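**Q** take a look and give me a structure for this.
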Amino acid sequence: MNPSPDWDLLWHSASLVCMNEGGAAYGLIENGAIAVKDEEIAWIGRVSELPGPPESLAKEVREEHGRCITPGLIDSHTHLVYAGNRAREFEMRLQGATYEELAKAGGGILSTVKATRNANEEELLQASKPRLKSLLAEGVTTVEIKSGYGLEVETECQMLKVARRLGREFPVHVSTSFLGAHALPLEFQGRSDDYIDLVCTEMMQEVA
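**A** From the prediction side, this is the model:
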């Protein structure tokens, strides 16, 4: 008789979404079990196919009746690193203000740009952590994080640095995107060609 496996963790009696091609929708395994050993999936299948009683197979066993286990989710578009908030603008929108009216009142993207430029790296990091924690709690394991609220070389680089720090400090894969042309900053109003030149030369060189 083969010895029982010594798994680290075993979930059982859950619906497993395996995303296999063919077969049941989404590769669904009803009344399934999934085992982990050394942070890798060691076994997956139906509870009836386990090599023994669940409680005898792993150091930690979790019964998950009525629950669903899926692969980690991917959030492919976030603006997670920034400072400030637009709570006042939300109230204005509820009262019928258009985005153009918000912008004329100093709101919109440029409002966040101003706050983000005024924040240092540590402040941006601390402001971003609760946002990332919320995504992790929802099952996200890969997240894309954009810059785009600096609109000048130093802050754009700082935002990307913070995003990479988040990837090192949390159990998540972070993919960063440079979005230097997110909007036209105030100091370049009426000189959009000059700003595009800055983005395509100095900014691109610094973030590469």
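**Q** residue 93 contacts residue 105, doesn't it?
**A** No - between residue 93 and residue 105 there is no contact under C-beta atoms under 8 Å: 11.6 Å. Any C-beta I mention is one placed from the backbone N, CA and C, and that applies to glycine too.
**Q** which residues touch stretch 197-208?
**A** 147, 153, 156, 157, 160, 178, 180, 181, 188 (C-beta atoms under 8 Å, 6 or more residues apart in numbering).
**Q** from those, which two are the most distant?
**A** 160 and 188 (20.6 Å; C-beta to C-beta).
**Q** neighbour count winner among those two?
**A** residue 160 (21 against 16; other C-beta atoms under 10 Å).
**Q** the more buried one touches residue 176, doesn't it?
**A** Yes - assessed by C-beta under 8 Å, residue 160 is found in contact with residue 176 at 5.1 Å.
**Q** which residues does the residue nearest in space to the middle of the chain bridge with?
**A** Centroid check for the chain by C-alpha atoms, centre = their mean gives residue 143 as the closest residue, at 3.0 Å. Counting by DSSP bridges, residue 143 forms beta bridges with residue 75, residue 174.
**Q** what is the lowest-mean-pLDDT helix or strand in the chain packed up against?
**A** Least confident helix or strand, the chain: helix 99-104 with a mean of 83, by mean pLDDT, DSSP states H and E. Judged by 3 or more C-beta pairs under 8 Å, 6 or more residues apart in numbering; DSSP states H and E, the packing partners of helix 99-104 are helix 87-94.
**Q** buried ones in the helix it packs on?
**A** 89, 92 (16 or more other C-beta atoms under 10 Å).
**Q** got a list of contacts for that helix?
**A** Applying C-beta under 8 Å, 6+ apart, the contact partners of helix 87-94 are 97, 101, 102, 105, 107, 108, 111.
**Q** so where do the helices sit in the chain?
**A** Remark: helices assigned in the chain by DSSP state H are 87-94, 99-104, 109-117, 121-137, 153-169, 192-198, 204-207.
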